[in-house]
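In: no sequence on hand, only this structure:
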């Protein structure tokens, strides 16, 4: 069967002497794996279109697990991302997150738009950590792990948020805070941003200025939430941590 899709390259691996297998995240069909023959060769017609983060129109034939690329036209190469270590590291994290959390051929048009917008935001020098958190929240929502931020997860009252219980999956009011000794205290700024991350379309993201201490608390909460409810080991996240540790 022949497919014509718009897709983003979220994974690329060598295959044989001169070929690559690329994983495309497409609007209509979700994840698809395609062999780009000769893509490793210097003068290959598929060299650019098989690079990570490239967004393009892809035409391929598929009869089994893998398709064979027949034609590709680049829509957005995202050159600036690949030329910058920090941008590439964060884009790799979003790509790996997408690859690991989605099954094959699960069409997700909205998430496709969110990933494409996230890559565009990275290229436009918007806050890398905020982009990560926005996209992480989209993945939580898709996977059914949306944190409860409208009411206390214990008493179910619309009380003032006091802390967030990672294990219980949402906010605790002051009266119920002792139900989870590991609950993380919430500041008004962090609570507001967490709710915004659930509701906001990445395509609407402008320049945003968040205090370092607020960003650190956001990172602590969302890392703990991911590790508790998703639990995937991501190489790209480890690399980001190493960059932070050594001040790269």
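Out: Structure's in. What do you need? For clarity, every value in this text was computed on a predicted model and none was experimentally measured. Numbers count the residues shown, from 1 in each chain.
In: domains in the protein, by residue range?
Out: According to automatic domain parsing, the chain comprises the domains 1-77, 80-248.
In: Serialize those to CSV and add fields for mean neighbour count and mean pLDDT.
Out: (Each C-beta comes from the backbone N, C-alpha and C, glycine too.) Output for the domains of the chain, formatted as CSV (neighbours: other CB atoms under 10 Å; pLDDT from 0 to 100):
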stretch, mean neighbour count, mean pLDDT
domain 1-77, 17, 93
domain 80-248, 16, 96
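In: what's the distance between the residue most central in space within the chain and residue 217?
Out: Central residue of the chain (CA atoms, centre = their mean): residue 94, 3.1 Å from the mean position. Relative to residue 217, residue 94 is positioned 21 Å away (CB to CB, to the nearest Å).
In: same check on residue 174?
Out: 18 Å.
In: quick one: the helices in the protein?
Out: Remark: helices assigned in the chain by DSSP state H are 79-82, 85-101, 109-123, 128-143, 188-199, 212-229, 235-245.
In: which one of those helices lies nearest to residue 28?
Out: helix 109-123 (7.2 Å; CB to CB).
In: list the helices and strands the closest one packs on?
Out: In terms of contacts (3 or more CB pairs under 8 Å, 6 or more residues apart in numbering; DSSP states H and E), helix 109-123 is packed against strand 2-15, strand 19-26, strand 67-76, helix 79-82, helix 85-101, helix 128-143.
In: tell me what the second one is packed against?
Out: Spelled out, it's strand 19-26. For strand 19-26, the contact count by 3+ CB pairs under 8 Å, 6+ apart identifies strand 2-15, strand 30-36, helix 85-101, helix 109-123 as packing neighbours.
In: save these as JSON lines, and put in distance to residue 147 too.
Out: Formatted as JSON lines, the helices and strands packed on strand 19-26 follow (distance: least, CB to CB, whole Å):
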{"stretch": "strand 2-15", "distance to residue 147": "25"}
{"stretch": "strand 30-36", "distance to residue 147": "25"}
{"stretch": "helix 85-101", "distance to residue 147": "16"}
{"stretch": "helix 109-123", "distance to residue 147": "18"}
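In: closest to residue 79 out of the ones you listed?
Out: In terms of CB to CB, the element of the helices and strands packed on strand 19-26 nearest to residue 79 is helix 109-123, at 8.4 Å.
In: what does the closest one rub up against?
Out: The contact list for helix 109-123 (CB atoms under 8 Å, 6 or more residues apart in numbering) reads 8, 10, 25-28, 53, 55, 76, 78, 80-81, 87, 90-91, 94-95, 98, 102, 128, 131, 134-135, 138-139, 142, 201-203, 205.
In: for the residue nearest to residue 70 when sequence neighbours are not counted, which residues make a bridge with it?
Out: Residue nearest to residue 70 in three dimensions, not counting chain neighbours: residue 59, with 4.9 Å by CB to CB, 6 or more residues apart in numbering. With DSSP bridges applied, residue 59 shows beta-bridge pairing to residue 4, residue 71.
In: thought residue 59 was touching residue 4?
Out: Yes. Contact between residue 59 and residue 4 holds when scored by CB atoms under 8 Å: they sit 5.0 Å apart.
In: looking at it, the residue nearest to the centre of the chain is touching residue 133, isn't it?
Out: No. Counting by CB under 8 Å, residue 94 does not reach residue 133; the two are 11.0 Å apart.
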